[in-house]
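# from the sequence below, what's the structure:
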Amino acid sequence: MSVYVGIDVHRKRSQIAVVDHDGAVQVNRNVPNGVETVLSVIGDLPIGAPVAFEAAYG
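Numbering: from 1, shown residues only. Model prediction:
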C-alpha cells in the first residue's frame with residue numbers, strides 16, 4: 001500500500017498524519033517531539049514513503 005506522511009512541526013509537539021493512496025486517513029496523531037515518539041507513529045511504514053514537513057515557528 002502506498003502511503004504519504006505529513007508532519008506539522010511545532011516547538012514541543014508535532015502533528016503527524018498518514019494517508020493512503022486514496023486519501024483515506026490512516027493515522028492522525030499529536031505527539032511530543034523526539035525520535036522515539038515520532039518513530040512510534042511512522043517507524044513501521046514502508047521505506048521510501050514520501051514525507052512532507054511544515055515548520056513555521058519563530
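# which intervals of the chain have sub-threshold pLDDT?
1, 57-58 (pLDDT under 70).
# centroid residue for it?
Geometric centre of the chain, nearest residue: Ile16, 3.3 Å, by Cα atoms, centre = their mean.
# what's the helix or strand that one falls within packed up against?
Using DSSP states H and E, Ile16 maps to strand 13-20. Taking 3 or more Cβ pairs under 8 Å, 6 or more residues apart in numbering; DSSP states H and E as contact, the helices and strands that strand 13-20 lies on are strand 3-9, strand 25-32, helix 35-42. C-beta coordinates here come from the backbone N, C-alpha and C atoms, glycine included.
# in that strand, what counts as buried?
Neighbour counts over strand 13-20 (16 or more other Cβ atoms under 10 Å) mark 14, 16-19 as buried.
# closest to Pro50 out of the helices and strands packed on strand 13-20?
Distance to Pro50, taken as Cβ to Cβ, is lowest for strand 3-9 among these, at 5.2 Å.
# out of the helices and strands packed on strand 13-20, the one nearest Ala55 is which?
Of all the helices and strands packed on strand 13-20, it is strand 3-9 that lies closest to Ala55, at 4.1 Å by Cβ to Cβ.
# list the buried residues in that closest one.
3-5, 7.
# over to stretch 28-44?
31, 38, 41-42.
# nearest to Gly23, of those residues?
For these, the nearest to Gly23 is Ile42 (17.8 Å; Cβ to Cβ).
# relative to Ala24, which of the buried residues of strand 3-9 is nearest.
Val3 (10.0 Å).
# in contact with the closest one, which residues?
18-21, 26, 45-46, 49 (Cβ atoms under 8 Å, 6 or more residues apart in numbering).
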